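Asker: Return a 3D structure for these sequence lines:
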Amino acid sequence: MGFIVGWTIIIDYIFSPMISALIVGISLKAYFPSIPMFVWIILFIVIITAVNILGIKLAAKLNTYMLFLQFLLFALFFILSIKGLLEGKGTGTLFSTVPFYDPEISAPALLSVIPILCFSFLGFDAVTTLSEETKDPTRTLPKAIYFITMIGGFLFITSSYFAQLIFPEFHSFNNPESASANLSGSNENRQQRKNGMAST
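Answerer: Numbers count the residues shown, from 1 in each chain. Purely as a prediction, here's the structure:
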């Protein structure tokens, strides 16, 4: 069993960066259609590789900056979503059970998104690879794993909730794989598109 789990984790560490690079390519391609997707993928790989080669201290600092940027963009998304809902956009209400239960959604359609859900939570165990650089790892790492899972779950649930309320007609997305481009605003609203691109 340990052999199978070990190889599964290795596959996770191989596929996760590949999927992350693909997601970056798809997202930025939606904002800059004239630039081929492979350019963004190669650029992403080069930057991430360079950061890792330059050492753990630089990677830790960059991760810290990115974390605060993500929290800031999450807060901005929540504020703008609440503002839009209060102005009557989307469903026009802050409280709804539709994001949690929609009778029009079939069981097969619901089960089809389980891989996305699983992938969203993959990676929290990666903090264990930093045990050698962590002070008192036997106490710190278990707490970190629990906190990462709870904070990540909270952000995933709340962001999905507000996204469903502010943009209930998800069938109108030009491309579901790059839906953030639709959520960030129209082509005329440059500031909203900049915020959406940053959140990507």
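Asker: so where does the spatially closest residue to residue 96 that is not a sequence neighbour fall, helix or strand?
Answerer: What sits nearest to residue 96 in space, not counting adjacent residues and going by CB to CB, 6 or more residues apart in numbering, is residue 165, at 6.0 Å. All C-beta atoms are positioned from the backbone trio N, CA, C, and that covers glycine. Assigning secondary structure by DSSP states H and E places residue 165 in helix 137-166.
Asker: sorry, back to before: quick check: the residue nearest to residue 96 touching residue 94?
Answerer: Yes. Using CB atoms under 8 Å, residue 165 is in contact with residue 94, at 7.5 Å.
Asker: List the buried residues for the helix holding residue 165?
Answerer: 141, 144, 148, 159, 161, 162, 163, 164, 165, 166 (16 or more other CB atoms under 10 Å).
Asker: Lowest mean pLDDT among the helices and strands of the chain, which one is it?
Answerer: helix 190-199 (a mean of 45; mean pLDDT, DSSP states H and E).
Asker: if we can go back for a sec, what sits in contact with each of residue 165 and residue 94?
Answerer: residue 85 (CB atoms under 8 Å, 6 or more residues apart in numbering).
Asker: if we can go back for a sec, which among the buried residues of helix 137-166 gets closest to residue 70?
Answerer: residue 159 (10.6 Å; CB to CB).
Asker: if we can go back for a sec, any chance of the buried residues of helix 137-166 in CSV, with pLDDT too?
Answerer: Formatted as CSV, these follow (pLDDT from 0 to 100):
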residue, pLDDT
141, 84
144, 85
148, 85
159, 87
161, 90
162, 90
163, 85
164, 85
165, 88
166, 84
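Asker: Columns distance to residue 39 on top of those residues, output as TSV?
Answerer: Below are these laid out as TSV (distance: CB to CB, whole Å):
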residue	distance to residue 39
141	38
144	35
148	32
159	28
161	34
162	32
163	28
164	33
165	35
166	31
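Asker: Report the distance from stretch 76-96 to the chain centre.
Answerer: 21 Å (CA atoms, centre = their mean, to the nearest Å).
Asker: hey, C-alpha coordinates of that stretch in CSV?
Answerer: Coordinates of each C-alpha in stretch 76-96 appear next as CSV, following Å, rounded to 0.1, in the frame of the first residue of the first chain:
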residue,chain,number,x,y,z
LEU,A,76,-11.8,42.8,-3.7
PHE,A,77,-13.9,40.1,-5.4
PHE,A,78,-16.1,39.7,-2.4
ILE,A,79,-16.6,43.5,-2.0
LEU,A,80,-17.4,44.0,-5.6
SER,A,81,-19.7,41.0,-5.7
ILE,A,82,-21.6,42.2,-2.6
LYS,A,83,-21.8,45.7,-4.1
GLY,A,84,-23.2,44.3,-7.4
LEU,A,85,-25.7,42.1,-5.7
LEU,A,86,-27.0,45.0,-3.6
GLU,A,87,-27.4,47.0,-6.8
GLY,A,88,-29.6,44.3,-8.2
LYS,A,89,-27.1,42.6,-10.5
GLY,A,90,-27.0,38.8,-10.8
THR,A,91,-29.5,37.2,-8.6
GLY,A,92,-29.9,40.5,-6.7
THR,A,93,-29.7,38.8,-3.3
LEU,A,94,-26.9,38.1,-0.8
PHE,A,95,-28.5,34.9,0.5
SER,A,96,-29.6,32.0,-1.6
